[in-house]
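> Quick one, fold the following:
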Amino acid sequence: MERAADRVATTRNQTFTFLVLLALTLSSSSSLAAQTAKPAASYSVGRTVVVSIPDRKLAVIENRNVIATFSVAVGAQATPSPTGQFQIVNRVSNPNYYRPGAVIPSGKDNPVGTRWVGLSQKGYGIHGTNAPKSVGHAASHGCIRLRNRDMERLFAMLQVGDAVEIHGERDEQVAQVFGNSAEETTVAEKQVTDQDGGQSDPGAKSLTEAD
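You can find the predicted model right below:
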């Protein structure tokens, strides 16, 4: 007759074997799930500013939703806007504008308008303008310009640390944000570019350093 102690030992062994098999099964399932999981969709968390140079457009995306779009001016052919991924490093209301030998105070003649948002690439930013007719064109010294009223609205949406992406081509990602076909754009005349005051980047650089 099988002793009680033997039966207990057998039961313990069977229980231990079951637990080991269960652990192996769960581990294998978790590994498989990790291998087959789809990558998260772009712009799934937080707030991102997306600029399309071909479209001359800027979009604000929050939790996969486009919450605002604006027309912009981008860099002229000789002074193109930088492309890539950046962060907002400062925000300035009613900024002064600096260029060699001159400081232009905030006001209607200020080339960077009423608001400045500095990017992590030194000397570049998103700002207003005293030349609203340049919006929609490739007209700046590399910065992204908006009409002052649009820039003031955008300014209120953003904070230091937000991501900014500037795209030089219409890839699939850009098409999802701005549509399947770019609007016709016209390169601005040189005199429109000159309305920047001659030097937009040095002014932007001074703003970055001063803030």
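> Pass me the low-pLDDT residue ranges in the protein, would you?
1-42, 44-45, 180-211 (pLDDT under 70).
> let's see it at 80
Regions of the chain meeting the criterion pLDDT under 80 cover residues 1-45, 180-211.
> Could I get the buried residue list for the biggest strand by length in it?
Counting residues, the longest strand in the chain under DSSP state E turns out to be strand 84-93. Of the residues in strand 84-93, those buried by neighbour count under the rule 16 or more other C-beta atoms under 10 Å are 86, 88, 89, 90, 91, 92. From N, CA and C alone the C-beta is placed, and that goes for glycine too.
> What about residue 175, how many residues nearby?
14 (other C-beta atoms under 10 Å).
> ok, which stretches of this protein are helices?
Assigned by DSSP state H, the chain shows helices spanning 4-36, 148-157, 172-178, 190-193, 200-210.
> Kindly reformat the buried residues of strand 84-93 as a markdown table containing distance to residue 151.
Compiled in a markdown table, those are given as follows (distance: C-beta to C-beta, whole Å):
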| residue | distance to residue 151 |
| --- | --- |
| 86 | 17 |
| 88 | 13 |
| 89 | 17 |
| 90 | 15 |
| 91 | 11 |
| 92 | 11 |
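> What is the nearest of these to residue 104?
residue 92 (13.8 Å; C-beta to C-beta).
> what comes into contact with the longest strand of the chain?
Around strand 84-93, the neighbours that count as contacts under C-beta atoms under 8 Å, 6 or more residues apart in numbering are 49, 114-121, 124, 155, 158-166, 207-208, 211.
> List buried residues within these.
Members of the contacts of strand 84-93 that pass the buried threshold by neighbour count (16+ other C-beta under 10 Å) are listed as 49, 114-119, 121, 124, 155, 158, 162-166, 207-208.
> Give me the domain ranges for this protein.
Following automatic domain parsing, the chain resolves into domains at 1-36, 47-210.
> which residues sit in contact with residue 58?
49, 50, 51, 52, 69, 70, 71, 72, 126, 144, 146, 154.
> now with 6 Å?
51, 70, 72 (C-beta atoms under 6 Å, 6 or more residues apart in numbering).
> just residue 120 next, same as before
Applying C-beta under 6 Å, 6+ apart as the definition, the contact partners of residue 120 turn out to be 86, 87, 89.
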